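K.L.:
sequence below, structure please.
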Amino acid sequence: MKKLIVLGMLSVFLFNCNNSKNKEFSAFEKQMEANNHPGKKLMETHCYICHSPSADHDNRLGPPMIAVKKHYLNDDTTKEQFITSMQNWIKNPNVDDAKMYGAVKRFGVMPKQSFPEETIKQIADYMFEHDIDQPEWFEEHFKEEKGKHKKM
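P.N.:
Below you'll find the model as predicted:
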């Protein structure tokens, strides 16, 4: 009987240790997947010129990409809706369709871009599926500004 109890406890212990390693490996795999996603490189190449996560708050050309993500994504947004919203905005940015009123007020409407639809799709897919870099000051700024700006 004692052997059965010891064997049972040993099994539980080994199972829990194994689970811990799987979680660590899963996190590593997820990070590798994010780093290898084609949308990440496209975003860094095409978007970070104006929407850099490392630019100073006062010397920016546009809002950081994390701000874009937070304004276009909520709990009910599907990936397809998010991608379509990104494609529509980039094809035809205008005041009437803006979701980032504070950014439009500060930076003006984003210049029209001529990226292939597939490029925008890959960038939006990456943004939807993965955490993206954000400036150190962003969280505090986002909390302060949320809800302050009304539709133009």
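K.L.:
every contact and neighbour count from this point should use C-alpha atoms.
P.N.:
OK.
K.L.:
hmm, Asp58 and Phe107 touching each other?
P.N.:
No: using C-alpha atoms under 8 Å, Phe107 is not in contact with Asp58; the gap is 11.2 Å.
K.L.:
neighbour count: these two, which is higher?
P.N.:
Set Phe107 next to Asp58 and count neighbours by other C-alpha atoms under 10 Å: Phe107 wins out with 13 against 6.
K.L.:
and that one, what pLDDT?
P.N.:
pLDDT, Phe107: 96.
K.L.:
any idea how far it lies from Tyr101?
P.N.:
Applying C-alpha to C-alpha, to the nearest Å, the value for Phe107 to Tyr101 is 10 Å.
K.L.:
same check on Asn74?
P.N.:
Here the criterion is C-alpha to C-alpha. By it, Asn74 lies 17 Å from Tyr101.
K.L.:
what about the two, which has more around it?
P.N.:
Using other C-alpha under 10 Å, the more surrounded residue of Asn74 and Tyr101 is Tyr101, with 20 against 10.
K.L.:
tell me the contacts of Pro64?
P.N.:
Shown in contact with Pro64 (C-alpha atoms under 8 Å, 6 or more residues apart in numbering): 48, 50-53, 134-135.
K.L.:
out of these, who's nearest Asp125?
P.N.:
Tyr48 (16.3 Å; C-alpha to C-alpha).
K.L.:
quick one, what contacts the closest one?
P.N.:
64-65.
K.L.:
same thing but 6 Å
P.N.:
By C-alpha atoms under 6 Å, 6 or more residues apart in numbering, Tyr48 lies in contact with nothing.
K.L.:
what strand or helix carries it?
P.N.:
helix 48-51 (DSSP states H and E).
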